[in-house]
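>>> Turn this into a model:
(one chain, ligands or ions: 2)
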Amino acid sequence: MAEYLASIFGTEKDKVNCSFYFKIGACRHGDRCSRIHNKPTFSQTVLLQNLYHNPQNSAQSADGSHCKFLTNLTEEEVQEHFDNFFEDVFVELEDKYGEIEEMNVCDNLGDHLVGNVYVKFRKEEDAEKAVEDLNKRWFAGRPIYAELSPVTDFREACCRQYEMGECTRSGFCNFMHLRPISRELRRELYGRHRRRKSRSKSRSRSRERKRSRSRERRPRRSRSREREKGGDRDRRDREGRF
Ligand SMILES: [Zn+2]
Ligand SMILES: [Zn+2]
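Ligands and ions are numbered 1, 2, ... in the order given. Next up, the predicted model:
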């Protein structure tokens, strides 16, 4: 029996534990869900609820003309806005709390998923530190809501139909629709651990990532050197954007 219960834990057959909370870290019923949301006490992943505000969405939900200028944003401008947000958050969190394995932002429109940012740290203790500290902080004029999330496997949390361009529920799907960052930014953020050491251009991403993990100590120093030069970002920090 115990084995059976373990095998169905967090799946749709599980009548006790909520499969949506377990897989996606958020469920549309929230606290009123009839199934249990088992909040983890340890996890590598931190959920920052509703942190990203897509300027396109504010335009859609606004009825007045005061938001009109937002609808004029081109796709490139929206992508740039998103890339800037992503980079700010990623760099800040990694510098403050520790190495990030991956970060994902939901493009869904439902209240429980809209703008959710999932940050998977390499170490659980870094995630714990981040949650504790971030809940005392503000971002873009709003308080941050951070919690440890049960999500560690984003493949399981993502909507497969969406990835094939076939999701019929569009923004209101209950599985993650992740917004992609530009290829250049991806290379910069996920490739920077080894940038100074290795100039060779490897095409294999998995090999790159493994290598970057094994070199964890060195890049930390080189990164702080990079930061000294990056006056722009430091200035934004001082202005308290985050
Ligand atoms: Zn639920
Ligand atoms: Zn979907």
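>>> Thought E75 was touching Q56, still the case?
No. In this structure, Q56 sits apart from E75 without contact. The criterion is Cβ atoms under 8 Å, and the distance is 9.3 Å. Placement of C-beta: from N, CA and C, glycine included.
>>> Below-threshold pLDDT in the protein: ranges please.
Low-confidence regions of the chain, defined here as pLDDT under 70, cover residues 1, 5, 10, 58-71, 192-242.
>>> Determine the longest helix present in it.
Of all the segments assigned as helix in the chain under DSSP state H, the longest by residue count is helix 75-97.
>>> just how off-centre is it within its chain?
Chain-centre distance of helix 75-97: 10 Å, with Cα atoms, centre = their mean, to the nearest Å.
>>> Mind checking what helix or strand follows the helix or strand encompassing K120 in sequence?
Secondary structure from DSSP states H and E places K120 in strand 117-121. Moving toward the C-terminus from strand 117-121, the first helix or strand encountered (DSSP H and E) is helix 124-134.
>>> Please give the centre-to-centre distance between the helix or strand following that next one and its chain.
The element immediately downstream of helix 124-134 (helix or strand, assigned by DSSP H and E) is strand 138-139. Remark: strand 138-139 is offset 16 Å from the chain centroid, using Cα atoms, centre = their mean.
>>> Direction included, what does strand 138-139 pair up with?
Strand 138-139 has the following strand partners under DSSP bridges: strand 142-143 (antiparallel).
>>> Need the contact partners of the strand it pairs with.
Contacts to strand 142-143, defined as Cβ atoms under 8 Å, 6 or more residues apart in numbering, come from residues R137.
>>> Just give me how far stretch 3-17 sits from the chain centre.
For stretch 3-17, the distance between its averaged C-alpha position and the chain's averaged C-alpha position is 27 Å (Cα atoms, centre = their mean).
>>> Compute the first-to-last residue distance for it.
End-to-end distance for stretch 3-17, by Cα to Cα, to the nearest Å: 15 Å.
>>> Repeat that for stretch 170-187.
Criterion Cα to Cα; first-to-last residue distance in stretch 170-187 is 28 Å.
>>> is any part of it close to ligand 2?
Yes. Stretch 170-187 lies within reach of ligand 2 by Cβ under 5 Å from the ion, at C173.
>>> quick revisit: looking at Q56 and E75, which is more packed in?
Comparing Q56 with E75 by other Cβ atoms under 10 Å, the one with more neighbours is Q56, at 17 against 8.
>>> Can you tell me the strand partners of the strand holding K120 and which way each runs?
For strand 117-121, the pairing partners within the sheet under DSSP bridges are strand 45-48 (antiparallel), strand 100-105 (antiparallel).
>>> among the ones you listed, which is the most enclosed?
strand 45-48 (a mean of 25; mean count of other Cβ atoms under 10 Å).
>>> Run through who's touching that one.
Contacts of strand 45-48 with the rest of the structure, by Cβ under 8 Å, 6+ apart, involve 25-26, 89, 116-121, 127, 130-131, 134, 144-152.
>>> Next to ligand 1, which bits of the chain? Give me the list.
18, 21, 27, 29, 33.
>>> Kindly reformat those as a markdown table containing neighbour count and secondary structure.
Supplementary listing: the residues of the chain next to ligand 1 in a markdown table, determined by neighbours: other Cβ atoms under 10 Å; DSSP: H, G, I helix; E, B strand; the rest coil:
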| residue | neighbour count | secondary structure |
| --- | --- | --- |
| C18 | 18 | coil |
| Y21 | 23 | helix |
| C27 | 20 | coil |
| H29 | 13 | coil |
| C33 | 13 | coil |
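>>> Out of the residues you listed, which is nearest to T168?
C27 (20.5 Å; Cβ to Cβ).
>>> Report the beta-bridge partners for I100.
Listed beta-bridge partners, I100: F121 (assigned using DSSP bridges).
>>> Much appreciated, bye for now.
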